[in-house]
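J.: This is a predicted model, with the sequence first.
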Amino acid sequence: MFIRAMIAAAVMFGGVATASAQTKETVKIAFIGPMSGGNSAAGIGGRNSAELAVRLRNADPASKYNYQLVPMDDECKPNVGIQVATRVSTDRSIVAGVTHYCSAVAIATVDVYHRFRLPVVVWGAILPAITYGNEHKEIHRVNGSMLDEVRASTSFLTGLGYKKWVIVHDTTDYGNGFLRFFKERIAETNAEIVSSFGVSADQQDFSAELLKIKGIQPQIVVFAGLTPLGVRIRSQMERLGVDIQYAGVSGIMSASYVEALGATAEGTVSVHNGAPAESLPGGRMFVEQYGKAGFTDPAEPYGPYAFVAASLIMDAVEEVGPDREKVRDVLNATKDHESVAGPITFDDHRHHAVASTKYVAQDGHWVRWEDSLYASGQRHLKGQ
Amino acid sequence: MKLTNLTTSFAVAAIGTLLTGVILVAENQWAVIGALLAAAALSIVLARLKIGMVLASVLNESSAWVALLIPLGGVIIGFALHEEDFVLMMLATVLIYGLACVGLTIQFGYAGVINFAGAAFFGIGGYTAALLGEWGIPSLLIIVAGGMVAAAIGCILILPVLRTKGHYAALITIAFGLLFRSFLEVNHTLGGPQGLKVEGASVAGHSLLDGIQLGSFQASFYLNYVLLALGVFTICFILARNLEKSWIGVNFDAVREDPIGASVFGVNVAYWRIMAFVIGNFVIGLAGAIFAMMQNFIAPSNFTFSDSLIMLSIIVLGGLGNLWAILPAAILVVVMPEKLQEIGEFRILVFAVLVVLVLRFRPSGLFPRALRKFRREVAQ
Amino acid sequence: MAILFEYLFNGAVLGIMYALVAVGFTLFFGVLDIIKFSHGDVLTLGAFSGLVSFLALQSLGLDLPVVGLVVVLAAACIVTGAVGALIGQAFIIPMRNASGFNILLMTLMIGTGIREAIRLFYPNGANPKAFPALLPKTPIEIGGVFFRLDSIVLLGLGFGVILLTNWLIRHTKLGLAIRAVAQDGDTAQAMGIPFKTIVLATFALGSALAGIAGVMHGIYYSEINFSVGLLLGVIGFSAAVVGGLGSIWGAIIGGFTFAALQTLWVVVFPDASGYRDVFAFTAIIIAMTIWPTGIIAERYSERV
Amino acid sequence: MTGNLETKNISAAYGNAQVLNGVSIVARPGAITCILGANGAGKTSLIRAIIGLLPTIDGSVELDGTPLSSLRPHARVAHGVGCVPEGRKLFPKMTVEENLRVGAYLMQDKQLIQKRLTKVYETFPRLAERKQQFAGTMSGGEQAMVSIGRALMSEPRILLIDEPSLGLSPALVRDSFAIIRDINKSGISILLVEQNVRQTLAIADYGYVISQGKVVARGTSEELLNDEEMKRAYFGIQ
């Protein structure tokens, strides 16, 4: 506090604020995500990406402030999330937050941010209720919602002719949410969900479920959950001779899905909010810079959104200064704001809808469906 | 003699209050580590020197009313930091976990009934509060109901727990903890994996979620919860102390140390194990209800096996059966990981290593329980 | 009908893996009356050491079919055996007069430490890792029943290892010493059995079984991750306790019982598959009520 | 002649309770030395301290001049200390033969083990008939034979025997004392702990009386037997 006051005084009496970093006021931004436990890969990727945004901004001589990222671990647990959310919200030196990958945590903490008036931008959690379940002006989201994905996925898969679905979902809010929205969405089409299986997030063996599915003989198995489980289910389908097309949601779309499965991953289809980073002008920059920054862990698919969220906040601070309410108002009014994930526009619930992109795993990479050998007819999905 | 005891207790309370305040407020990592080292040094010195024995026995023999020093210290810290929301929240969390650990101490520390499902009973209290909160029932009643429901559901486990012992009993509570969590997750009537919002507590129509405002004095609403938790903690602490010192406590000791011998001398082992289990779960349920009200939100992932382990770590690190050790240990276990946020993804590893080291080199805990006086005399 | 055989077959593979873990728990309990809860995470360590040794072989160009399997199994056994003995030496033997509960909590925390260390220090350790297919995946179909060759080999391997362990315990000098220590440690010492050496050997043996189970797990599911041991540890412990601590056959019965419970639930109530663990653990609590010291009861007389 | 066991001033405690308080005894080569005393006098503690199961806080144990105090129990067995523990302490879920083989654990030579087994079966023909029976299912007398046989398997120079008469019928007690005498005649020194004063002193050459962890009297069997004071104070014989 004292040092900050000194700096402020120096700036005032010095008359001229030089561009050197030492004289710039430091502005703190919180990052919250899971950095330990089963979802830590995504959390660490997100933290690195937000850190990258901050470093790039600090390297930019045109920026008015010196930014500092305060990373916090929510362990993907609501109670821990509430604890760290309170910690950053009540720390007056923090202006805004890039918050949460896990939907349960994001939902649990919205009231905390509202109570302490901390504007936050969600970078990874996709349950619609995070923004649509409340009227809190502090909560924003850049990464789209589950609904966007479900919409894209349903029309994509039914369009390919898969009418008889089995859904395997994890029993967290993530998988359950998908199940609910898929059910609603499928009811509007001529396809049907013949059966659904809930599996716990730490389950290892799925032979009972998969053999049951083998008996049902659906046209497609849609998995709603995260990478570790998605990998286990896909590889066990192979082992048990369940020769049915496999589809996932954004939760399985990580580099480690194709790495861990090798050739077995071939032909898995999935959807993800937002176009591949590489295909956007800013996205290419992101991938390049991320590589240059020397992080040991990959950015993971939601990394770019953490980058975007941090950038949005810093843009707002540049505009109105480090004041929570002003930053909140600027964020609320975000419209067609350029970012590495394309232009960002918040709706009346401060939610940025994204057009989900369809992907297929091809030769060890996630490839945009339209660019794949499957779309061009050179390769075929199962049952095609 | 009485006077020196009281003075000593005051001194201990003052040092404890001071250290707690410093640890809670310290922002800087080095300050945290410094305070922890000071506490560790203190505990080692106390253990090595005779003064530690004296202190332990003073606290052990002191009247239960000395426990009133706890709310005194708590109120001092609370009001000194009345604007620091986060610090007060941590303080309240420490007190709530401490309360749950009073329950575990009655079960495991006193009667030797092992309970690896502490978090499950904590959760039962929380879910009770969530469900009853919707009906506008007075908050204090809801808290008591949380305890009663936890105690009642615990009764389902009594038969298997009574029939087994040792590691077999441990498995039963582990299995219960695991099934409780997966049940909440797959069962949608209780909010499913997404959890439930919980009404905050209110006293006399005044919601505890509103900050206190008395003239120019403005305080965080967490101060309300600190006071609430402090009140319930102190009551349960004093009751547990009286329990320990009464003939019931002697029965518990007998049942724990030598169940067969106890039954030979006419102690009804099953009866006392049931008593300890039920009373303990009641207290844990109370804690869960307060916790849910303070957090305003509960979800199944709050009540996992590892949360049960955290509670058990507190009572074992502190010193099994020593109620006085609960608060320092709870501060260590609850606050430390939060203060170690700077080391990010390494903090669980660091925490695990620390617990292992303490268990390895101080197996009876940082503040071992003093023996009953008559037993010491026999030994000498 | 064919699918029924597939259920049975895959249930058996699952059961044999649970049994291998449970046998470890039962051996540790046998010699020292303690529960070593780090066991599940030692299994993870075994799977990862197997993976590392395979990657090393691959970089040397030596990943021949049979050699690969042997080296991977050996590496897993050596690492888990050494770590198991080390945990015993450094943490359990010095503490053997402390309460069993302290050791339970301490080993739980050691397990957490191992798990977190793998996550943090193995490159990109938080994500699942592909495990090499060390056995031919040839599909086999007999009368509509689908198997893969490697599943059959794994099942055989599992049974082989368990029978070998049983033979070791029943018919070798080491086994004689292990049983003597398990039945009466003090007297065993007074008869000239080096207590500490035997306890550490038992820890190494039990942990090596977990190493084998880890490799089997990797091959069977083609994938490993840092938390595989967490649930396997809990299940292995449950299996050992339900079977009756201290009895090898109890551990095997417990392992298969658990696998059967899980499979049965999903087969009978597919729409409520999420409840399978609720069912399995409820069944365990009921079983413990009926047989308070396990299905194969631990027979010990109490001193009054 | 070897088998000279000496304890010099050993003390030991369970927690705060001191059970041995500077005990010095000598078991002479080729002799039967007995330790007498009431229940709780520290007799069994002394045996446990000699074999190394009870850590001593002071004093030393020597066998034929070799200090044993720093050795673990199994190493003491390797130096020639054999033990028949109180209550026989068989491994109940092992067969008779397995119990005997545990006694020979430190030996590598299979032929030698076989030879000793044969010898034990010759000494106790009854055991030869029941090689494959679980030790836990045998009668008290048979268990006593297994326990003694097991201790003999390691060919000790000195055999510590703790309360062989415990729980046996008078006839069996007579038998086991006869066996002990035979073993002694084959050249093994014996340190015998007993409460049964008359029968013990009848076969012992030398004896010690201990009480509350201290040696309170010593002497040849005759000396002790004729000491009226001792009888009254420690043996309860009127």
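T.: Good, I have the coordinates.
J.: Residues of the stretch 251-384 of chain A that sit close to chain B?
T.: For the stretch 251-384 of chain A, no residue is in contact with chain B (C-beta under 8 Å from any C-beta of the partner chain). Backbone N, C-alpha and C define where each C-beta goes, glycine included.
J.: Which single residue of the stretch 251-384 of chain A ends up nearest chain D?
T.: The stretch 251-384 of chain A approaches chain D most closely through A:Ala260 (46.2 Å), counting by C-beta to the nearest C-beta.
J.: Low-confidence stretches in the chain?
T.: You didn't say which chain, so I picked chain A. Judged by pLDDT under 70, chain A has its weakly predicted residues at A:1-22, A:274-277, A:279-281.
J.: if you could check chain D rather than the one you did, that'd help
T.: Residues of chain D that meet the criterion pLDDT under 70 lie in D:1, D:231-238.
J.: Number of residues surrounding the closest residue to chain C within it?
T.: Using C-beta to the nearest C-beta, the point where chain D gets nearest to chain C is D:Val77, with a distance of 3.5 Å. Burial of D:Val77 is recorded as 26 neighbouring residues (other C-beta atoms under 10 Å in any protein chain shown).
J.: same check, this time on C:Ile152
T.: As a burial measure, C:Ile152 scores 15 neighbours (other C-beta under 10 Å).
J.: Look up which helix or strand it falls in, please.
T.: C:Ile152 is located in helix C:149-171, with elements delineated by DSSP states H and E.
J.: what element comes up after that helix heading to the C-terminus?
T.: The element immediately downstream of helix C:149-171 (helix or strand, assigned by DSSP H and E) is helix C:173-183.
J.: how about that next one, does it reach chain D?
T.: Yes - using C-beta under 8 Å from any C-beta, helix C:173-183 comes into contact with chain D via C:Lys173, C:Leu176, C:Ala177, C:Arg179, C:Ala180, C:Gln183.
J.: Next to chain B, which bits of chain D? Give me the list.
T.: For chain D, the residues found near chain B under the criterion C-beta under 8 Å from any C-beta are D:Gly15, D:Asn16, D:Ala17.
J.: ok, D:Val120 touching D:Glu97?
T.: No - counting by C-beta atoms under 8 Å, D:Val120 stays clear of D:Glu97, with 9.8 Å between them.
J.: higher neighbour count, those two?
T.: Per other C-beta under 10 Å, whichever of D:Val120 and D:Glu97 has more neighbours is D:Val120, with 24 against 19.
J.: Quick check: closest non-adjacent residue to that one.
T.: Take D:Val120 and drop its neighbours on the chain: the residue closest to it by C-beta to C-beta, 6 or more residues apart in numbering or on different chains is D:Gly149, 4.1 Å away.
J.: Pretty sure the one you found sits against D:Ala104.
T.: No - at 10.5 Å, D:Gly149 does not count as touching D:Ala104 under the criterion of C-beta under 8 Å.
J.: Nearest to chain D: which residue in the stretch 101-250 of chain C?
T.: Checked against chain D (C-beta to the nearest C-beta), the nearest residue in the stretch 101-250 of chain C is C:Gly192, 3.5 Å away.
J.: coming back round to it: from the residues of helix C:173-183 next to chain D, which would you call buried?
T.: C:Leu176, C:Ala177, C:Arg179, C:Ala180, C:Gln183 (16 or more other C-beta atoms under 10 Å in any protein chain shown).
J.: thinking the third one is in contact with C:Leu168, fair?
T.: No - in terms of C-beta under 8 Å, C:Arg179 does not count as a neighbour of C:Leu168; the distance is 10.8 Å.
J.: Give me the residue at the spatial middle of chain C.
T.: Here the mean C-alpha position of chain C is nearest to the C-alpha of C:Val21 (C-alpha atoms, centre = their mean), at a distance of 1.5 Å.
J.: picking that back up, generate TSV for the residues of chain D next to chain B, with secondary structure as supplementary columns.
T.: Formatted as TSV, the entries for the residues of chain D next to chain B read as follows, by DSSP: H, G, I helix; E, B strand; the rest coil:
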residue	secondary structure
D:Gly15	coil
D:Asn16	coil
D:Ala17	strand
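J.: Tell me if D:Glu62 really is in a strand.
T.: Yes - following the definition three-state DSSP, D:Glu62 is counted among the residues of a strand.
J.: Indicate the residue of chain D located nearest to chain B.
T.: Across chain D, no residue is closer to chain B than D:Asn16, which sits at 4.8 Å (C-beta to the nearest C-beta).
J.: For that residue, give its distance to D:Ile57.
T.: 12 Å (C-beta to C-beta, to the nearest Å).
J.: Could I get the full set of strands for chain B?
T.: In order along the chain, chain B carries the following strands (DSSP state E): B:196-197, B:202-203, B:206-207, B:212-214, B:217-219, B:297-298.
J.: quick one, which of those is packed in tightest?
T.: Burial among the strands of chain B, expressed as mean neighbours by mean count of other C-beta atoms under 10 Å in any protein chain shown, is greatest for strand B:297-298, which shows a mean of 28.
J.: Count residues in the vicinity of the residue in the stretch 1-150 of chain A that chain D sits nearest to, would you?
T.: For the stretch 1-150 of chain A, the nearest residue to chain D under the criterion C-beta to the nearest C-beta is A:Ser36, separated by 42.0 Å. Each residue near A:Ser36 was counted by other C-beta under 10 Å, and the total is 25.
J.: State whether it is indeed within a strand.
T.: No - with three-state DSSP as the criterion, A:Ser36 is assigned coil and is not in a strand.
J.: list the contacts for C:Trp249?
T.: C:Trp249 makes contact with C:Gly243, C:Ile296 under the criterion C-beta atoms under 8 Å, 6 or more residues apart in numbering or on different chains.
J.: and the gap between it and C:Leu135?
T.: C:Trp249 sits 28 Å away from C:Leu135, going by C-beta to C-beta.
J.: same question, B:Met275
T.: Distance check for B:Met275 against C:Leu135: by C-beta to C-beta, it reads 57 Å.
J.: what does C:Ile152 give?
T.: Using C-beta to C-beta, C:Ile152 is found at 9 Å from C:Leu135.
J.: thinking again about what came up before, in CSV: the residues of chain D next to chain B, plus neighbour count and distance to chain A.
T.: Conversion of the residues of chain D next to chain B to CSV gives the following (neighbours: other C-beta atoms under 10 Å in any protein chain shown; distance: C-beta to the nearest C-beta, whole Å):
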residue, neighbour count, distance to chain A
D:Gly15, 6, 42
D:Asn16, 9, 45
D:Ala17, 10, 48
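J.: I'd like those written out as JSON lines, with distance to D:Ile179 added.
T.: Compiled in JSON lines, the residues of chain D next to chain B are given as follows (distance: C-beta to C-beta, whole Å):
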{"residue": "D:Gly15", "distance to D:Ile179": "37"}
{"residue": "D:Asn16", "distance to D:Ile179": "40"}
{"residue": "D:Ala17", "distance to D:Ile179": "35"}
